[in-house]
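Undergrad: pasting the sequence and the predicted coordinates here, then a few questions.
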Amino acid sequence: MKRLAALLFGLSLVLPSLALAQEGEEEDKGAFISEEWELHEWIPIHLGPIDMSINKAVAYLLLGALCSCLIGIVLMRVKVGRGPTRRQALGETIYEVAQVQVAEQGLPTHAIGRWFPYVASLMVFIWTVNMLGFIPLPLSDESVTIAGVELPTLAIFAATSTLSVTLALALMTFVFTHVEGIRANGSWNYFKSWIPEVPKVMYPLIIPLEILGQFMRLISLSVRLYANMLAGHMLILTFVGLIIVLENVFLAIVAVPAAAIFYLFEVLIVVSIQAYIFAALSAIYIGSAIEPEH
Amino acid sequence: MLSSYFFLAAVDDGADAGKAIALALGIGLGALGAGVGIGNIFGSMIQAVARQPELRGELLGIQWLGFALTEAVVFYGLIGGLLAYVLV
């Protein structure tokens, strides 16, 4: 019964995107899929050359920040009467995952106090933003007129499926890693610890590779999250979009369940794993900068 | 930016066909590597738990870490394919 309800819920989520497809042009019938990632300025804010406009991704991020604050406050701060409740148990589970699986795995013991708040809030925030990406919200550029009132259509869009967002998160970890590494070891010792112990002949080959490796972390950290969320949304939209592209209603028998399966896979597995991975890797990077192996 | 790369059915000239092949190869080869890797991870996990069932809890975290790191390979392929499709 629960499973059936979940499946129906999933189906109801992929249906709104059908409405988007009706105005496609003749030769570009599926363009509505890539248009989902076009960001239009809603409230233009330009500070000189810096574009700080509020667009769809910013709105989702603000909503995500609000929701993760609420999760933290409601699950962990609000005191209850006597006896543990389900809410408290959920809060403790989140805390335990952040503590045991993320912080203790990557950070050295004396650094947990300082960096646990960062990795834990990273985990909760990314999970919330990812999860908001799979809940249809009336935040989109399209609008539909119902009984004379113009309402935005329901759409699924994750702020983490834009590269700028994930790159900003990865840059924070990148900066903290090196600042903390220099603070703990001194700059000379820290940069020396990048280079493994190899014969001196190998240095011209190893040193550029190790320096490149530090920057590749930035790319891998940001692209992993970005591409996972992008591909997840695209798969769902493509399967539903096949009905419109190939102009065959009976494809819905295959396409909609396939989209629902991908939806459930993303929601149940990918969303949580990506949040966990991002936080765990941040902890490992910061931890390995504080205590280099040699 | 991400122009319509879904309409490969409408490919009619050589350049578009080349882009389509690049996109498909990027994802396909990425998926090939990740398939082998993920199979390896879960295979080893089954073996490890079969030998020492009491370590299951500790191994789970490592398993998912490895899974996500390996799975990301597909998406590097996807991004490479998309770049080839959009930029060229």
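TA: Yep, that arrived. Residues are numbered from 1 along each chain as shown, chains lettered A, B, ... in the order given.

Undergrad: give me the neighbour count for B:Q52.
TA: Residues lying near B:Q52 (other C-beta atoms under 10 Å in any protein chain shown) number 11. Yep, even glycine has a C-beta here, placed from its N, CA and C like the rest.

Undergrad: in chain B, what residue is nearest chain A?
TA: Of all residues in chain B, B:F75 sits closest to chain A, at 3.2 Å by C-beta to the nearest C-beta.

Undergrad: test my guess that that residue contacts A:M229.
TA: No: under the criterion of C-beta atoms under 8 Å, B:F75 lies out of contact with A:M229, with a separation of 9.7 Å.

Undergrad: so for those two, which sits in the more crowded spot?
TA: Set side by side, B:F75 and A:M229 show more neighbours around A:M229, with 28 against 22, by other C-beta under 10 Å.

Undergrad: check what pLDDT that one gets.
TA: With respect to pLDDT, A:M229 scores 90.

Undergrad: how many neighbours does the nearest residue to A:E150 once chain neighbours are set aside have?
TA: Distances taken as C-beta to C-beta, 6 or more residues apart in numbering or on different chains place A:S143 nearest to A:E150, at 5.0 Å, with adjacent residues excluded. As a burial measure, A:S143 scores 12 neighbours (other C-beta under 10 Å).

Undergrad: what residues are up against A:S143?
TA: Residues in contact with A:S143 (C-beta atoms under 8 Å, 6 or more residues apart in numbering or on different chains) are A:E150, A:L151, A:P152, A:T153.

Undergrad: what about whichever residue of the stretch 101-250 of chain A sits closest to chain B, which helix or strand?
TA: Closest approach between the stretch 101-250 of chain A and chain B, counting by C-beta to the nearest C-beta: A:A227, at 3.2 Å. A:A227 is part of helix A:203-245, with elements assigned from DSSP states H and E.

Undergrad: could you check the angle helix A:203-245 makes with the following helix or strand past that helix?
TA: From helix A:203-245 onward toward the C-terminus, using DSSP H and E, the following helix or strand is helix A:252-265. Here the directions of helix A:252-265 and helix A:203-245 differ by 140 degrees (axes from the mean of the first three to the mean of the last three C-alpha atoms, to 10 degrees).

Undergrad: how far does helix A:252-265 sit from its chain's centre?
TA: 22 Å (C-alpha atoms, centre = their mean, to the nearest Å).

Undergrad: report all helices and strands that it contacts.
TA: Secondary-structure packing of helix A:252-265 (3 or more C-beta pairs under 8 Å, 6 or more residues apart in numbering or on different chains; DSSP states H and E): helix A:2-14, helix A:203-245.

Undergrad: now distance to A:F125 too, for the ones you listed, in JSON lines please.
TA: Formatted as JSON lines, the helices and strands packed on helix A:252-265 follow (distance: least, C-beta to C-beta, whole Å):
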{"stretch": "helix A:2-14", "distance to A:F125": "23"}
{"stretch": "helix A:203-245", "distance to A:F125": "12"}
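
Undergrad: quick one: contacts for the residue lying farthest from the centre of chain A?
TA: Distance from the C-alpha centroid of chain A peaks at A:V201, with 42.6 Å (C-alpha atoms, centre = their mean). Listed by C-beta under 8 Å, 6+ apart, A:V201 has no contact partners.

Undergrad: roughly how far does it sit from B:L32?
TA: Going from A:V201 to B:L32 by C-beta to C-beta, to the nearest Å gives 36 Å.

Undergrad: same thing with A:L70?
TA: According to C-beta to C-beta, A:L70 and B:L32 sit 43 Å apart.

Undergrad: who's in contact with the residue of the stretch 101-250 of chain A closest to chain B?
TA: Contacts of A:A227 (C-beta under 8 Å, 6+ apart): B:A72, B:F75, B:Y76, B:L78, B:I79.

Undergrad: can you classify A:I286 as helix, strand or coil?
TA: Assigned by DSSP: H, G, I helix; E, B strand; the rest coil, the conformation of A:I286 is helix.

Undergrad: hang on, isn't it packed against A:H178?
TA: No: using C-beta under 8 Å as the test, A:I286 is too far from A:H178 to be in contact (9.7 Å).

Undergrad: what helix or strand does the spatially most central residue of chain B sit in?
TA: Per C-alpha atoms, centre = their mean, the C-alpha nearest to the average position across chain B is that of B:V74, at 1.6 Å. Assigned by DSSP H and E, B:V74 belongs to helix B:56-87.

Undergrad: that helix packs against which elements?
TA: Other helices and strands packing on helix B:56-87, by 3+ C-beta pairs under 8 Å, 6+ apart, are helix A:203-245, helix A:271-290, helix B:14-51.

Undergrad: and the first one, how far out from the chain's middle?
TA: Think helix A:203-245. Relative to its parent chain, helix A:203-245 has a centroid offset of 12 Å by C-alpha atoms, centre = their mean.

Undergrad: where in the chain is pLDDT low?
TA: Since no chain was named, I'll use chain A. In the predicted model, chain A carries pLDDT under 70 at residues A:9-32, A:80-81, A:83, A:294.

Undergrad: chain B was what I was after
TA: In chain B (pLDDT under 70), the answer is B:1-14, B:88.

Undergrad: centre of it to the edge, which residue is at the far end?
TA: Largest centroid distance in chain B under C-alpha atoms, centre = their mean is B:E54 at 31.6 Å.

Undergrad: quick check: it is in a helix.
TA: Yes: counting by three-state DSSP, B:E54 is found in a helix.

Undergrad: give the contact list for it.
TA: Counted by C-beta under 8 Å, 6+ apart, B:E54 has zero contacts.

Undergrad: so how far is A:L225 from it?
TA: Counting by C-beta to C-beta, the gap from B:E54 to A:L225 is 33 Å.

Undergrad: again, but for A:S34
TA: Distance from A:S34 to A:L225, counting by C-beta to C-beta: 20 Å.
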